[in-house]
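>>> Requesting a structural model of the entry that follows:
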Amino acid sequence: MYIIRQQWLQDNAIRKWYFLAAILILFGGCSTAILVSDAPQNQWLIQTIFSRFLVFSLLVPVQILLLLSTFRVRLQDIYVTGSRRIIWKQLEYRLAIALLVTLVPWAVGCLIGMCLNGWGTRLGTIVAEALIRYLYLALSCLAILLLVSLCLLASKRIWAFLAGFVLSGISYFLNVNHHFSLFYDFLIDDLGTLLLSRLPILLSIVLFLAVGVQMEIARKDW
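As a prediction, this is how the structure comes out:
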């Protein structure tokens, strides 16, 4: 609770940016869901909630920028607590905020768009599939943000941004060309393959990056 209270108080000056980011993401998701109204059911999710172009060009960059603009290593926190683990806890908070501020408005915007264009009555038929794919999307975003965090701890912010954006871009173009892309494989047709093949690999990468970030925190000469 101390970490949450501390970081929340530090956010007083930048909370408006969270709000603006949430509004931008909400309108992005809503407008896409409204514009796509005549797609078949098996393609509608891919073209709206899971629009790979909007994920690449809007969702992921906003998440990266939120993380890079809010996460700061404060040496006095290490001295006060006597442990570097405080840095990891602060980073966990920033990762959670970056994901919540973007993924929740994204889902809400898409739901509003669904209701406005007449898809609200068919929500029950796609909710299970949408939740599974949304979980995969969230884990993909988390993996990219963990890579950004690792690069941020090891180098400068510009390199951290480029690392996350380039990784997302490579994965995006692999998916566009129907190759194994991992981070954009929430779009594959077969849910069985998604759950039994792609998801375990993605979870392993998330855990590997989380351990890597903690090791970098412990190793770095502050």
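
>>> Show the contacting residues for the spatially most central residue of the chain.
Closest to where the C-alpha atoms of the chain average out (C-alpha atoms, centre = their mean) is residue 141, at 3.0 Å. Contact analysis of residue 141 by C-beta atoms under 8 Å, 6 or more residues apart in numbering lists 59, 60, 63, 99, 102, 103. All C-beta atoms are positioned from the backbone trio N, CA, C, and that covers glycine.

>>> quick one: residue 94 and residue 212, what's the gap?
For residue 94, the distance to residue 212 equals 17 Å [C-beta to C-beta, to the nearest Å].

>>> Looking at the two, which is more packed in?
Using other C-beta atoms under 10 Å, the more surrounded residue of residue 94 and residue 212 is residue 94, with 20 against 16.

>>> Torsion angles phi and psi at residue 84?
When read as degrees, to the nearest 10, the backbone of residue 84 gives phi -80, psi -10.

>>> Go ahead and confirm it touches residue 216.
No: using C-beta atoms under 8 Å, residue 84 is not in contact with residue 216, being 10.3 Å away.

>>> Flag the shaky bits of this structure, pLDDT-wise.
1-13, 33-44, 119-122, 222 (pLDDT under 70).

>>> which residues in it form helices?
With DSSP state H, the ranges of helices along the chain come out as 2-10, 15-35, 41-47, 52-54, 60-70, 75-81, 85-116, 123-154, 157-176, 191-193, 199-219.

>>> The second one packs against which elements?
If I follow you right, that is helix 15-35. Using 3 or more C-beta pairs under 8 Å, 6 or more residues apart in numbering; DSSP states H and E, the elements in contact with helix 15-35 are helix 52-54, helix 60-70, helix 85-116.

>>> Out of those, which gets nearest to residue 149?
Residue 149 sits nearest to helix 85-116 of all those, at 5.9 Å, using C-beta to C-beta.

>>> I'd like the distance from stretch 111-124 to the chain centre, please.
The chain centroid and the centroid of stretch 111-124 are separated by 24 Å under C-alpha atoms, centre = their mean, to the nearest Å.

>>> Name the residues of that stretch that come out as buried.
111, 112, 113, 114, 117, 119 (16 or more other C-beta atoms under 10 Å).

>>> just stretch 58-66 next, same as before
Across stretch 58-66, burial judged by 16+ other C-beta under 10 Å covers 58, 59, 60, 62, 63, 64, 65, 66.

>>> tell me which of these is nearest to residue 201?
For these, the closest approach to residue 201 (C-beta to C-beta) belongs to residue 60, at 19.0 Å.

>>> give me every residue that touches the nearest residue to the closest one once chain neighbours are set aside.
Using C-beta to C-beta, 6 or more residues apart in numbering and skipping residues adjacent in sequence, the residue nearest residue 60 is residue 168, 4.7 Å away. Contact partners of residue 168, counting by C-beta under 8 Å, 6+ apart, are 56, 60, 144, 183.
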